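Colleague: Got a predicted structure here, sequence first:
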Amino acid sequence: MKQYKDFDLTNFNAYRIQAIGKEVFFPDNKQEIINLYQERKDYLLFGSGHNLILSKEYYEKPIIIFNGNYSEIRLLENDVIEVEAGAFTKQVCEFALDKELSGLEMFYDIPSSIGGAVIMNAGSSGEEIKDILIKVKYLDLLDMQVKEMLNKDICFEYRNSFFQKNTDKIILRCWLQLTKGLRNDIVEKMETIKEKRWAKQPRNYPNCGSVFKRPKGHYVGALMDELNLKGYTVGGAKISEKHGGFIINFNNASGKDILDIIVEVKRQVKEKFNIDLEVEQRVI
């Protein structure tokens with residue numbers, strides 16, 4: 001396990017917000033994770049950092065990061081793969097492609113750790129991680145026992161799950177049910193999805209994807225268009241001119257810059273449309 005003092009978190013959050021963690025740990029296996037939580041329970045937990053808004057410049061509370069570490073992927077029988085929580089979705093997709101297994105193509109260009117993808121039920125275009133998840137193994141901080149939970153008990157919702165609502169349950173690994181496919185078909189779907197996303201999303205600036213959950217009956221991007229909020233700027237952050245549902249860091253933005261934009265967007269959307277936008281990203 002690697003551990004650091006006064007660690008620079010800039011490259012461990014997708015907004016590239018500059019912040020320092022007083023103590024940061026990168027565990028490599030289940031026992032190291034358990035050992036950390038036996039010492040204390042109040043760690044901040046980072047996955048790949050693609051759904052985080054860092055609101056502080058300095059974090060006194062210790063941080064555990066799953067970001068390329070704790071990332072083993074194994075092929076089991078019957079086209080099932082077992083994945084540790086720190087593996088990136090892109091890694092998992094490439095592993096599946098190598099084994100000519102289909103079912104993960106939609107996640108190829110969704111930046112996330114696999115644990116984070118399960119927590120928020122990541123997905124796009126009608127496909128979600130819940131559709132291929134069999135079960136998860138997790139550490140229950142209430143009694144420090146490692147337990148399993150089946151898909152049907154995780155209470156998946158749109159960008160939500162049991163684990164999002166119960167932060168004292170730490171996902172350790174998951175099992176995904178894939179199906180045999182043809183390599184060329186898998187590659188074609190991956191590349192098509194990637195091209196479509198890059199055509200409409202601001203991939204040339206640091207961002208964390210969709211800021212708000214889609215309100216029922218509406219699209220966030222369309223609301224931003226109607227309010228003429230594309231390009232709205234606070235400090236070094238602004239609403240992307242390419243897609244109104246994204247906030248980008250174009251000039252050394254702080255977490256406060258991003259949060260100030262969110263407050264103003266929520267205010268205007270509530271005032272004009274009587275809609276309470278819900279933030280999809282996690283503020284810490």
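Modeller: Thanks, I have it. This is a predicted model, so every value here is computed, not measured.
Colleague: Do a quick rundown of the helices in this structure.
Modeller: Here the chain has its helices, by DSSP state H, at 30-39, 89-98, 114-119, 162-165, 183-200, 220-226, 255-273.
Colleague: for the ones you listed, which one sits closest to residue 49?
Modeller: Closest to residue 49 of the helices of the chain is helix 114-119 (CB to CB; 8.9 Å). Backbone N, C-alpha and C define where each C-beta goes, glycine included.
Colleague: For the closest one, what does the pLDDT average out to?
Modeller: Average pLDDT, helix 114-119: 95.
Colleague: ok, back up a step: which of the helices of the chain sits most buried?
Modeller: Among the helices of the chain, helix 114-119 has the highest mean neighbour count (mean count of other CB atoms under 10 Å), at a mean of 29.
Colleague: circling back: could the helices of the chain be laid out in a markdown table, adding distance to residue 81?
Modeller: Below are the helices of the chain laid out as a markdown table (distance: least, CB to CB, whole Å):
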| stretch | distance to residue 81 |
| --- | --- |
| helix 30-39 | 18 |
| helix 89-98 | 7 |
| helix 114-119 | 10 |
| helix 162-165 | 19 |
| helix 183-200 | 14 |
| helix 220-226 | 33 |
| helix 255-273 | 35 |
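Colleague: Please name whichever of those helices is nearest to residue 210.
Modeller: Set against residue 210 and scored by CB to CB, those come closest in helix 220-226, at 7.1 Å.
Colleague: what does the closest one contact?
Modeller: Helix 220-226 is contacted from outside by 210-212, 214-215, 230, 239, 243-245, 265, 269, 272-273, 275, 277, using CB atoms under 8 Å, 6 or more residues apart in numbering.
Colleague: Dump stretch 45-61 to CSV, keeping only the CA atoms.
Modeller: This file holds the C-alpha atoms of stretch 45-61, laid out as CSV (Å, rounded to 0.1, in the frame of the first residue of the first chain):
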residue,chain,number,x,y,z
LEU,A,45,-13.3,7.7,-0.4
PHE,A,46,-12.3,8.6,-4.0
GLY,A,47,-12.8,6.4,-7.0
SER,A,48,-11.5,7.5,-10.4
GLY,A,49,-12.5,11.1,-9.4
HIS,A,50,-14.8,11.5,-12.4
ASN,A,51,-17.9,12.4,-10.3
LEU,A,52,-16.3,14.6,-7.6
ILE,A,53,-16.3,18.4,-6.9
LEU,A,54,-13.6,19.3,-4.4
SER,A,55,-14.9,22.2,-2.3
LYS,A,56,-11.8,22.7,-0.2
GLU,A,57,-8.2,23.5,-0.8
TYR,A,58,-7.0,21.3,2.1
TYR,A,59,-8.4,18.1,3.4
GLU,A,60,-7.6,17.3,7.1
LYS,A,61,-9.7,14.1,6.9
